[in-house]
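J.: below is the sequence, then the predicted model.
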Amino acid sequence: MTGKKQDGSILVDDSAYQPVFIPGTQWRISSHNAEQGGTNLQKLLIPGRRFPFPKSLYAVEDALRFFVGSNREATILDFFSGSGTTAHAVMRLNHQDGGRRQCISVTNNEVAAEEQTALRTANLRPGDPEWEKWGICDYITKPRIAAAITGKTPDGQPIAGDYKFTDEFPMAEGFEENAEFFTLTYEAPVAVSHNLAFRRVAPLLWMRAGSEGRRIDDLPAQGWEVAGTYGLLVDLDRATEFCAAAALAEGLRVAYIVTDDDRRFQAVTRALPDTIEPVRLYESYLSNFRFAMGR
């Protein structure tokens, strides 16, 4: 550095610099080639469905291996999942070492601009079933993930071709994996706090507890219920029964307690085993969203 300009930018004299190594492009690594490991592979999984410039499955797999290769229980959040390459790569890693890694893929269901023109000409609008079925999530992401797991195309045909490089086997074999697909909706805080939107909130509670085992989709008639990794207490008059069942349940991680009363919540919390995390509903759920909106 020889000085600075009036605008604050730095002056550098590099006349004597001799480059030791110039990094090469990743496209020179055959497994990272986006055409072969991305576009062409996607054509095998979901024939006839176009998605521009998907990443190479093997490039994403190698990138993930740097960070979660030694963590077989890792959870990967892909907040801009596109065609679902990251989830597919996580399946590959699990297949290689028997891991139980999870991937949470988030995407919108936007329709490509050129397709929107034709749909609007047909008097269709966002939200119409005939519009939504062409969105990226419903038309690309879900079918691609399903095809990877089942080894079959959306038409039910065995996928032609083999996986390459680190782990070679026929794509038609699929993976010993499973997937759940949810649609995120907007819910009124009043409806949530009065248990009127429980079915829409239920998947979030299941995911918060690890996305494993059975899911509680409806309010329990008996006032409480214990599933695989979490429990739900709605009627605090049944707290003794709930806490006893929670103490006997193996692998229970979270107890959701529905109450507006701080003292009753604390009383139930003290009766639970220390290994179980108490979460208050719906105060915790609503507060998280208020914080996210800056309120």
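T.: Nice, thanks for sending it over.
J.: so which residue is smack in the middle of the protein?
T.: A centroid search over the chain (Cα atoms, centre = their mean) returns Ile104, at 1.3 Å, as the residue closest to the centre.
J.: look up how far Ala16 lies from that one.
T.: If you measure Ile104 against Ala16 using Cβ to Cβ, to the nearest Å, the figure is 51 Å. In this view, the C-beta of every residue, glycine as well, is placed from N, C-alpha and C.
J.: what about the stretch 101-250 of the chain, any weak spots by pLDDT?
T.: The stretch 101-250 of the chain contains no residues with pLDDT under 70.
J.: list phi and psi for Ser193.
T.: phi -70, psi -20 (degrees, to the nearest 10).
J.: how near is it to Val268?
T.: Taking Cβ to Cβ, one finds Ser193 at 18 Å from Val268.
J.: the two: who's more crowded?
T.: Val268 (21 against 16; other Cβ atoms under 10 Å).
J.: show me the contacts for that one.
T.: Neighbour list for Val268: 233, 236, 239, 242-243, 255, 257, 259, 278 [criterion: Cβ atoms under 8 Å, 6 or more residues apart in numbering].
J.: and the furthest pair within those residues?
T.: Cys243 and Thr259 (13.9 Å; Cβ to Cβ).
J.: measure Trp206 to Leu232 for me?
T.: Counting by Cβ to Cβ - Trp206 and Leu232 are separated by 10 Å.
J.: shared neighbours of those two, which are they?
T.: Common neighbours of Trp206 and Leu232 (Cβ under 8 Å, 6+ apart) are Ile216.
J.: what pLDDT does Asn40 get?
T.: pLDDT recorded at Asn40 is 94.
J.: in the helix or strand containing it, what counts as buried?
T.: Assigned by DSSP states H and E, Asn40 belongs to helix 40-45. By neighbour count on 16 or more other Cβ atoms under 10 Å, the buried set for helix 40-45 is 41-43, 45.
J.: tabulate these (a markdown table), appending distance to Asn33.
T.: Output for the buried residues of helix 40-45, formatted as a markdown table (distance: Cβ to Cβ, whole Å):
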| residue | distance to Asn33 |
| --- | --- |
| Leu41 | 10 |
| Gln42 | 13 |
| Lys43 | 14 |
| Leu45 | 17 |
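J.: returning to that earlier point: burial measure for the nearest residue to the residue nearest to the centre of the chain once chain neighbours are set aside, as a count.
T.: Excluding the flanking residues, the one nearest Ile104 by Cβ to Cβ, 6 or more residues apart in numbering is Leu77, at 5.0 Å. By other Cβ under 10 Å, the residues close to Leu77 number 11.
J.: please name every helix or strand in contact with the helix or strand containing Leu77.
T.: Leu77 is part of strand 75-78 when elements are defined by DSSP H and E. Contacts defined by 3 or more Cβ pairs under 8 Å, 6 or more residues apart in numbering; DSSP states H and E place strand 75-78 against helix 85-97, strand 102-105.
J.: how about 10 Å then?
T.: Under the contact criterion of 3 or more Cβ pairs under 10 Å, 6 or more residues apart in numbering; DSSP states H and E, strand 75-78 touches helix 57-68, helix 85-97, strand 102-105.
J.: mind listing what the last one pairs with, with the direction of each?
T.: When sheet partners are counted by DSSP bridges, strand 102-105 sits next to strand 75-78 (parallel).
J.: just the buried positions in the partner strand, please.
T.: For strand 75-78, the neighbour count (16+ other Cβ under 10 Å) marks 76, 78 as buried.
J.: can you list contacts of that strand?
T.: Strand 75-78 is contacted from outside by 60, 64, 67-68, 84-87, 89-90, 93, 100-107, 207, 210-211, using Cβ atoms under 10 Å, 6 or more residues apart in numbering.
J.: please list only the buried members of the residues you listed.
T.: Among these, the ones that count as buried by 16+ other Cβ under 10 Å are 60, 64, 68, 84-87, 89-90, 93, 101-103, 105, 107, 207, 210.
J.: ok, now which ones touch the nearest residue to Gly38 once chain neighbours are set aside?
T.: Of all residues not flanking Gly38 in the chain, Pro54 sits nearest, at 4.0 Å (Cβ to Cβ, 6+ apart). By Cβ under 10 Å, 6+ apart, Pro54 lies in contact with 34-35, 37-43, 45, 60, 82-85, 88, 140, 144.
J.: kindly recompute the last result at 7 Å.
T.: Listed by Cβ atoms under 7 Å, 6 or more residues apart in numbering, the contact partners of Pro54 are 38-39, 42, 82-83, 85.
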